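Chemist: structural data only, the sequence is not supplied:
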């Protein structure tokens, strides 16, 4: 019996972004779950940490920032890969200097292309996680 495929979790307070990212990844064969409420996303990861391979989250969200989300996600699932989305131009090295305690694998700047998104996802999830 093969293990179930792991999902990619998308977290952004803007439903249009969640849906666009979800559609782009699903069109490439990935299993994707989208959340507009970061608290619900943390609850889902807490309950099903073994079913998620990657979390892609916006940094600026009401109620809980992406930094707080990243901290909580790593508490409940230390092995999950985290990629942050931002509308601001910043590089991973700069990010690490500014936020050294945030365990983020990568950053992707909005707006991004489908090709950029897929490249980032394959870097952390790999083709083997596709359906």
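Modeler: Yep, it's here. A quick note: this is a predicted structure, and the numbers were derived from the prediction, not measured.
Chemist: contacts and neighbour counts: CA atoms only from here.
Modeler: OK.
Chemist: so who does residue 73 touch?
Modeler: 42, 45-46, 80 (Cα atoms under 8 Å, 6 or more residues apart in numbering).
Chemist: apply 7 Å and report the result again.
Modeler: By Cα atoms under 7 Å, 6 or more residues apart in numbering, the contact set of residue 73 is residue 42.
Chemist: next secondary structure after the host helix or strand of it?
Modeler: Assigned by DSSP states H and E, residue 73 falls within helix 66-76. Where DSSP H and E defines the elements, the next helix or strand beyond helix 66-76 is strand 81-86.
Chemist: give me the distance from that following strand to the chain's centre.
Modeler: Strand 81-86 sits 5 Å away from the centroid of its parent chain (Cα atoms, centre = their mean, to the nearest Å).
Chemist: what's the answer for stretch 37-48, then?
Modeler: Relative to its chain's centre, stretch 37-48 lies at 12 Å (Cα atoms, centre = their mean).
Chemist: with stretch 109-126 instead?
Modeler: 11 Å.
Chemist: okay, buried residues for the helix holding residue 73 please.
Modeler: 66-67, 69-74, 76 (16 or more other Cα atoms under 10 Å).
Chemist: before we move on, what about stretch 116-129?
Modeler: 117-118, 120-121, 124-125, 129.
Chemist: can you redo those residues as TSV with distance to residue 9 and pLDDT?
Modeler: Formatted as TSV, the buried residues of stretch 116-129 follow (distance: Cα to Cα, whole Å; pLDDT from 0 to 100):
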residue	distance to residue 9	pLDDT
117	13	95
118	14	94
120	14	92
121	11	93
124	13	87
125	12	86
129	13	50
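Chemist: circling back: list just the nearest of the buried residues of helix 66-76 to residue 38.
Modeler: The shortest approach to residue 38 among the buried residues of helix 66-76 belongs to residue 69, at 6.6 Å (Cα to Cα).
Chemist: over to residue 107. Which of the three states is it?
Modeler: Three-state assignment for residue 107 (DSSP: H, G, I helix; E, B strand; the rest coil): strand.
Chemist: what pLDDT does it get?
Modeler: On pLDDT, residue 107 comes in at 84.
Chemist: could you list the low-pLDDT ranges of this protein?
Modeler: For the chain, residues meeting the criterion pLDDT under 70 lie at 1-4, 89-102, 126-131.
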